[in-house]
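# A structural model of the following input is requested.
(chains A and B)
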Amino acid sequence: MRIIPFLLSLILTTGLIICLNRQWGGLKKTPPFGQFLSPQHGFWQNAEPVGQHIDEQVSLPGLKGKGDVYFDENLIPHVFAASQNDACYIQGYLHAKFRLWQMEFQTFAAAGRVSEFLGPGPDNNYIKYDRSMRRLGMVTAARAALAEMEKDSTVKADCDAYTAGVNAYTSQLKASELPFEYKLLNYSPEPWTNLKTALFVKYMAYDLAGHDNDFEMTNARSFFSKEDFAKLYPETQDSADPIIPKGTHFQPPALLLKEPATVDSLYLGHPMTVTAAESKPDKDNGSNNWAVSGKKTLSGRPILCNDPHLSTNLPAIWYQMQIHTPDYNVYGVSFPGAPYVIIGFNDSCAWGITNAERDVRDYYSIKFKDESRQEYWYNGKWVPAEMRVDTILVKDGLPFYDSVATTVFGPVMYDPTFPGFSDETNTRSYAVHWKPADPSNELRTFSRFQSMRSYSDYKDAILTFKSPGQNFAYADKSGVVAIWQQGEFPAKWKEQGRFVMPGEDSSYLWQGNIKQEENPTMLLDNDDNGRGFVSSANQIPVDTTYPYYLGAGYPEYRGLIINRKLSDMNSITPADMMTMQTCNYDIFAEMARPLLLRNIHEARLSEDEKNYLNIFRTWNLNDDPNEEGPVIFKYWWNHLTEDIYDDEFSKSSLEMMRPYESTLLEALLRDSAYSFIDNINTAEKETLQQVVTTAFLQAIPDLVAAAKDDKLTWAKNKDTWARHLLQIPELSRTHLPIGGGVHCINAAKKLHGPSWRMIVQLTDKTEAYGIYPGGQSGNPGSPYYDTFVDKWAAGKYDPLWVMGPEEVKDQRVKWAMHFSN
Amino acid sequence: MIKFFVSIILIALLSFICGLFLPWWTIAVAAFAVIALIPQKPLAAFFAGFLALFLLWGGLAWAIDAANTSILSVRVASMLYLQGSSILLVLVTGFIGALVGGGGAITASFMLTRGRAR
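Take a look at the predicted model:
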C-alpha cells in the first residue's frame, strides 16, 4: 500500500463528498450539490417525461368504495367517488401528489415555522414573521377551530379522510420522489394532520381578515387636528355604491351598545403614538363576484361570476377539480391543504366568494406592573397575565424563545421585546383582539356547498361561517340569485377599534356580535322587479343607515364600474361576462382626468411635455397592456399626492398612511381650495393649478426614464408576475403581458390579481368557463406547472368540462387512476 | 485495456444499482470496490472511475432532460448561474459524479499498489 497517496486520496475523496453533502452560503444557502445533482436522487428526478402518463392502481386502506379519477389534457382530475367521505380521501391524495410542498409550506407559514427551514432571514425577518404569527395566536386559533370542526361528525370524518389521503401518498414517497423544493432547501415533509388543515383555514383568515391600520390611524389622530384628520381619513366616500343598494331599510339594532364613559377623555380625545409596526397581508386581497338574474341574460337563466384577488403565486393557490358522488356533482377550485371545492358549481347552483374587508382586528394598550409583564392593570387592580414561552426553531441556529403574555383582551402582540417590523424601540405593550381566534367551523359551509340544491340549503350552509367574513354570491337553476355578507362580526360603537384602545378596563371590550340575520343580504327571485343582479367588490356593504359601525377604508371603484356595467347590460351571454371580467377600464382615471386636464397650465409646457399630455388626453381610459396613458397617469398622480401631502406628513417621524386615492380625488373635486394643497414650507399659497402642473412636470423625468427602459407601456411598467412562493425568479413566470390594475375589474397588479376567473351559466346543461394563473402541477419540472398562465394573461378562458360517468372513453381523458381499498 | 473498459462498465453498473437504494455518495464506494477487485494503476483507475460516473450521471441526466424537453433543467441552470444552459448543467452533473467516482477509484488503486521503497 502506498500509504501517503492512499491517505491523501482517501481524505480528498471523503472531503469532496462531505463538501458536496452540505449546504453552503450565509442567509441564502445552496442545496447540497451531490444529492441535488445526482440523477437518481436529486432534482433530475423531478423532470417529468413529457407526454407520458401511465394509468395507476392505488390502494387506499380505509376507502369505503371504489374511486376513479380521469385526468384531462390540462391535468384536471375528474373524480368519481362512492361518497363525500371517499371523495375527501382521494382529494387529499391528489393534493399531495401534485401540491405537497406548497401545502406544507403554507401551513408552516401559518404556524410561524418559517425559520425552521429557511433560517433567520435577512435582518432576522423570518424570525420576526414567525413571532408575529405565533403572537397573533395562529396556532391557538387553529387548535380552537379544530376542536370545533371535530364536534361536527361529517367535517371530522371528511378531514380524517383527507388527512389519510395525504399521508397515503407521502408515506410511500421515496426520498428521490420528494418535490423539488424539499431538495432545494434540504428538508423533508412531516405527516399531515387535521391540525394542518385547520392551520390552512386560519391562514386564509389571516390573509383576508388580518388587515387593519390601527397604529397608523392612532398616530395620525395624535399628529393632525381633528378637522384635518376628518379630511384625510373620511369614514365613507361620496361616490361609494354599497353591495346592498342605498336606501335599503334596516331594522333597529338587536344589540344596544354602550359607549365607554371615558371615550372622549381616554380614547378619542387622548393623543397616543405607536412605534411598533404590524405585519399585515396585502390590503388588496379582495375580489369581484356578481350574479345576474335570468331577466338580464340571453338564455333566461342566471349567470354567476367570481374572481377572487389573491397573490398570483406559483404553485397557484387553487387546484381545479370535479368531484362526482352518488349525491352530487361539483366542479370548481379547491385549496391544496383543505378538503372540498371552495368556489364552484354543482348540477343545481353556483357560488362565488369575495372578501368582506371588515375590521376584525383591534389593539389595546396594556399597562404592565413591571418588565416581567406578569401583572397588568385591569378594572382598578393588578391582575396576573398568562405567560407562555414559544420555541421557534431556526435552521442551522439556536432556537429562539419568545415569552408572550396573554391578557383578557387577547395575546400581547407587541411589547418592549418585540416592536414587530419597526426599527424603533417600542416601550409599550399592545394586546390584540382578533375575531378569527374565536372557535369556529368554516369547513362546514363548504361541506354543505358541495351538495346544496336550493336557496335554503345555501342559507343553512353559510349560517355558521364566522371568519374571514365573506360576500357569498349564489345563483341556481330555478332562477334565484342572492348575496349575503356572512361572518361573525363584532358589533362596535362608533370608531371602536379604529385606533388603539385603552386596555385598562372592561368597557372597551367588544360587547357582542352582530346577529347573523342582521348581516347585509339581497335576494332576487324569478318575480323580482329589482335591478336584476347582485354584486360585490369589497366595497362598503351598506349605506350609513345600517345600525352598526363598519369602519373605514373600503375600496369603491371596482364596485362602481361593475354596478354601472351590469345596470346597462341586457341579453347577457357568458362571452359578455368574459369581456367584463377582463375589462381594463379605469374608472378612477375617468373621474380624475377631467380634474387634471382642467387644472394643468399648458402654457408652461414644452413641446415634448405637451406630447405626453396629449397621449394622456386622448387615452381611451383602458389600462391595456400597450397603453402609455396609464403610465403617465400613475406618475402624475403619485407626484400630485406627494406634493399635496408630504409637506405635512414629513413633519412627523411616526408611521402614518397617506390617504386613499379616492379621498384625495373626492376632496379635490369637492373643493379646489383643499387646505392641504398649500405647501406649508413656502410663504406662497399654492393653488390647485400650480400643484397639478408641478406634479406633471415632476412626472416628466420619470416618463423619460421609463421610455429609456422600455417601460412606458402599461404592462411593462406594471410588470405582473406569477411568482414562486420562495420568490425565486427562475421558478416564476415574469413580465406577463397583462393590463388592468387595482381600480379595474381586471385587478391584476404586480404580484396579485384575479386568482381564479369563473363564469357559470345555469342553463339545464351548465355552461361554465374558468382560468387561473398557474397550472395543476406544483412541480417546476412538469409541463403542467404553468399551463394556464399565458391564457390567463391574455384574458382567455377554458370551457369547464363537467364529465359524465359515461364519458370515460372520451378523447379528452388522457390518463386514469383507480383507487380501491 | 480490456480491464480498463470492463471496470468502467462495472463501476457504472454498480453505481447505478447503489443509486437505486443507497445515498448518492455510494458511487465512490462502488468505484472503490470495482477497482479493488480489478486492480489498476492509479491514473488508469482514476480515469476508469471518472469516465464511468461521467457517463452514468451525464448520460442519465441527458436522457431525463431529453424526455422532459429541458423544462426543469433550463430553470435550474439559470438558478445555478449556468446561463440557463441545459447542456452545461448535464456536463456539470456528469463532472461532479465523475470527480467522486474517480476519487473512490484512485483510493482503491493506491491501497493495492505496492510502495516502491519501504
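
# check contacts around whichever residue of the stretch 101-250 of chain A sits closest to chain B.
Here the stretch 101-250 of chain A gets closest to chain B at one residue, residue A:180, 7.6 Å apart by CB to the nearest CB. Where C-beta positions appear, they are placed from N, C-alpha and C, glycine not excepted. By CB atoms under 8 Å, 6 or more residues apart in numbering or on different chains, the residues touching residue A:180 are A:43, A:46, A:101, A:779, A:780, A:781, B:72.

# ok, how many other residues are close to the closest residue in space to it that isn't next to it in sequence?
Nearest non-adjacent residue to residue A:180, counting by CB to CB, 6 or more residues apart in numbering or on different chains: residue A:46, 4.5 Å away. Residues lying near residue A:46 (other CB atoms under 10 Å in any protein chain shown) number 24.

# what does chain B put close to chain A?
B:16, B:19-20, B:23-25, B:28, B:42, B:56-57, B:60-61, B:64-65, B:67-69, B:71-73, B:75-76, B:78-79, B:92-93, B:96-97, B:99-100, B:103-104, B:106-107, B:110-115 (CB under 8 Å from any CB of the partner chain).

# Going through the residues you listed, which ones are buried?
Buried residues within the residues of chain B next to chain A, defined by neighbour count using 16 or more other CB atoms under 10 Å in any protein chain shown: B:16, B:19, B:23-25, B:28, B:42, B:56-57, B:60-61, B:64-65, B:68, B:71-73, B:75-76, B:78-79, B:92-93, B:96-97, B:99-100, B:103-104, B:106-107, B:110-113.

# okay, and for chain B, where does confidence drop off?
Chain B contains residues with pLDDT under 70 at B:115-118.

# all helices in it, in order from the N-terminus.
Taking DSSP state H as the criterion, chain B carries its helices at B:2-21, B:26-37, B:42-67, B:71-79, B:86-112.

# I'd like to know which of those helices is closest to residue A:199.
Comparing those against residue A:199 with CB to CB, the closest turns out to be helix B:71-79 (29.3 Å).

# where are the low-confidence patches of chain A?
Using pLDDT under 70, the flagged stretches of chain A are A:527.

# for it, longest helix please?
Chain A, longest helix under DSSP H: helix A:84-111.

# Just list the residues touching the residue of the stretch 701-821 of chain A found nearest chain B, thanks.
Closest to chain B within the stretch 701-821 of chain A is residue A:781: 3.4 Å, counting by CB to the nearest CB. Contact partners of residue A:781, counting by CB under 8 Å, 6+ apart, are A:43, A:46, A:47, A:48, A:180, B:68, B:71, B:72, B:75.

# And it, how far from residue A:47?
Using CB to CB, to the nearest Å, residue A:781 is found at 4 Å from residue A:47.

# got any residues that touch both of these two?
In contact with both residue A:781 and residue A:47: B:68, B:71, B:72, using CB under 8 Å, 6+ apart.

# for these, which one is nearest residue A:788?
Distances from residue A:788 to the shared contacts of residue A:781 and residue A:47, taken by CB to CB, are shortest for residue B:71, at 15.8 Å.

# pretty sure that closest one is touching residue A:46, no?
No: here residue B:71 does not reach residue A:46: they are 9.9 Å apart, not a contact under CB atoms under 8 Å.
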